Every structure is written in C-alpha cells, then in structure tokens.
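Student: Build me a structure from this.
(2 chains)
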Amino acid sequence: MTGQTWSEAGFGRLIQRTLQAGVACSVALLLLGGVLGLASSAASGAVLGAGILVLVLTPVARVAMLIYGFHRSGEQFFALASLVVLLLLALAVLA
Amino acid sequence: MSELGLQTAGLLAVFGFLIGILGSVMGVGGGVFIVPLLVLWLKVPVHQAIAVSLVAIIATSSAVASVNVERGLANMRLGVVLEMTTALGSIAGALVSNMLPDRVVQVLFSLVLFPVAVMMFLKGLRSGRSALQGHGPAPPARPAGPFDAEFFDPSSSSRTSYAVRRIVPASLLSLLGGSLSGLLGLGGGIIQVPVMNLMCGVPIKAATATSNFLMGVSAAASVLIFFKRGLVVHELAAVIVFGVLLGSFVGMRVLYKAKPEKIQMGFSVLVILVAVRMLAGAWRP
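Tutor: The predicted structure is shown next:
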C-alpha cells in the first residue's frame, strides 16, 4: 500500500465503477438501438453493434484497471498477471 | 427487431430475466441455459447461440462482479491469476469450436453437462451433511498468503476468512474451464466454482463470486473471436442482455442472503434437466 488515499476499498470501487460505466454505456446504446429498430431506422443495427462492442470491451477495461490498481498497491506480481491477461485479450483480437 | 418479432423478443427477455437470476445465484453465467434455449426453441445455429451466450455472460459477470468486488466477496487476486489460464483456454476453445460442425458442438455441450451435474449433486449432498454437523468458525492460524481473503456473510452473520491452497493445479484446471467457455459458450463457472471450492478451499459464496468475476474475461476472450466472424446476432444478443441484466440484479440479492448448500443442490438438478433436453435435441433431424 502506498499512501493513505489508496486502499483496498478504493481499489474495489475503481473496479466497480469501471464495470458499472461499461454496462451503463452498453445498455444506453442497446436501448437506443432498440428504439431505432422499433422506428425501423437503418441505424439500429450499427448502434446495437456498438452497444455489444462496448459490453465486450468492459472486461478488457477492467483488466487494464487491475494493472493500474495492483501497480499502485505495490503488488507487482498481480500487476504482471493482469498484464498477461490483457495481452491474451489482445491476442484474441488478432486470432 | 424486425426479424425477431416483438412477441418473441418479449418472451426471450423474460427467459433472459429468469436465466439472469439463476446465473447470478448459482455462479454460472447462464450459458448452460441460454445455449439450449436458443438452439431448441428458436432453432438458432449452435455457434450463434454460443456467441449470444458469451455476450450475456459478459453482461452478468460485469454487473454482478461490480457489486461483489465492493463487498469483498470476489477475490480479485485469485481471479486475475486464474484468468491467465482461463483466457488462454477460452481462445483455444473458440478457435476449435469454429472448426467443428454444429451437431458435434451440440452433442459435446450435452455430454459435458452430465458429469458436471453429477459432481455438483454429490457436492451438494456432502455440504448439506456437513451443515447439519455444524461447521464452527475456523479462522486459519497460519500466516496470510497473498491470495487469502475474508468477507462478511449475512446468512451466518459473521466474517468468514479463508486461506487459498493449491493455486498451481487450480490454474491448470482453469485452462479446461476457459476452454469450455470458448468451445461451448459456458461461463466456465461449472468448472471454476468446484475448483476454487474443493481444491483451493475457497468458501462456496466467495468461489461463486470470484468465478463470476473471472468469467467476464474468459467470455470476452472467446467472444472477440466469434465477433470477428460475424457470429454475434445483434438483435438476439441485445434482447437477451436486457433480460439477463435485470435478472442478475434481482439474483444478486438472493445470492447474498441464500444458504450455500441450497445454491449447489439447485445447480445440479437444473443442469441434468438441460443436458437431457439438449442431447435429445441433437438426435432429432
């Protein structure tokens, strides 16, 4: 632990907020896409696709935040483990 | 929504809601139920069903984990270490799955559920017995390891602390859990929960929460591969995600209050039912 401002609870909140933001953005896009679909708009498919992409990228953002959080806590082993996971996700994009 | 039809979309959202409750209560992302629902009811090709299931798993995992991390129920350190092997297995599984014909994947799906259901049933029986004998608070006396953690359990109104054992064999088995995710669209909770609970000694609720936490990453790893191949049907995924998210929010409250042994018993019976239906479905022309 470094400093008083960075605690385990703060780390938990950072991860929580990352996940919540991702889900909220995705839901907003999916709702918009649904409404556009009901209105028979051609943009519906693209907006739904964007909503799904945001959802899929939410765990990726969470892993990036874990790297930051563990690094800041001085837990380099776990920061490295998180980095490996992020690299694997990048590999999946290329696969 | 035009291809799907409003009525079907509505029903699908309701099923998604129920699946979301079951998923968040039992530590399965819901793939066990979503894939059969889409394949048997809507006649969706199994690879598309798997892709939709993986998207729903990410939704459940993200929503549930966001709460469980803050409660201290999900063990982030154990989670991220196991994610290294689940993500690897998930990528391999997704690549293999995309090479196999639909019917083969459906039969594999059904067959995998049988041993899982039997295992969970036996475990449920055992934990029921040990609960009758009573399990007093047994805080670990040894010095805390890097993965050890504790959480507040409202069903027993006490703090439960635990030590994490056998991380290396657990990581190897997680490779299998991850591959099931990519291959069959299962969250991998069916492997991860027993591995963490029985092998690592993580209490069932923390194991369930940690499994939920890590399955978002393994599902993301494989869904990226399905996404690139155009197998994610946007309308289907959107409707299921809505239902599953709502169900997860309701289920999270149940999970936090429920007795652990009930979670396991309910798990096994449902998995057997689904396996039988899915296998029967694969034989039909």
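Student: State the number of residues packed around residue A:76.
Tutor: Residue A:76 has 11 neighbouring residues, counting by other Cβ atoms under 10 Å in any protein chain shown. From N, CA and C alone the C-beta is placed, and that goes for glycine too.
Student: Could you list the buried residues of the lowest-mean-pLDDT helix or strand in chain A?
Tutor: Lowest on mean pLDDT, DSSP states H and E among the helices and strands of chain A sits helix A:8-38, with a mean of 93. For helix A:8-38, the neighbour count (16 or more other Cβ atoms under 10 Å in any protein chain shown) marks A:11-12, A:14-16, A:18-20, A:22-23, A:25-27, A:29-30, A:32-34, A:36-37 as buried.
Student: Equivalent analysis for stretch B:100-107, please.
Tutor: Residues of stretch B:100-107 classed as buried under the neighbour-count rule (16+ other Cβ under 10 Å) are B:105-107.
Student: before we move on, what about stretch B:5-25?
Tutor: With burial defined by 16+ other Cβ under 10 Å, the residues of stretch B:5-25 counted as buried are B:8-9, B:12-13, B:15-25.
Student: quick one: low-confidence ranges for the stretch 101-250 of chain B?
Tutor: Residues of the stretch 101-250 of chain B meeting the criterion pLDDT under 70: B:119-120, B:123-124, B:126-144, B:154-155.
Student: Spell out which residues of it are next to chain A.
Tutor: Applying Cβ under 8 Å from any Cβ of the partner chain, we find that the stretch 101-250 of chain B lies next to chain A at B:146, B:216-217, B:219-225, B:227-228, B:232, B:234-235, B:237-238, B:241-242, B:245.
Student: rerun that using 6 Å as the cut-off
Tutor: Within reach of chain A by Cβ under 6 Å from any Cβ of the partner chain, the stretch 101-250 of chain B has these residues: B:216-217, B:220-221, B:223-225, B:234, B:237-238.
Student: Quick check: the gap between the residue most central in space within chain A and residue B:156.
Tutor: Geometric centre of chain A, nearest residue: residue A:58, 2.4 Å, by Cα atoms, centre = their mean. With distances taken as Cβ to Cβ, to the nearest Å, residue A:58 is found 33 Å from residue B:156.
Student: so residue A:85 touches residue A:63, yeah?
Tutor: Yes - with contact defined as Cβ atoms under 6 Å, residue A:85 reaches residue A:63; the gap is 5.1 Å.
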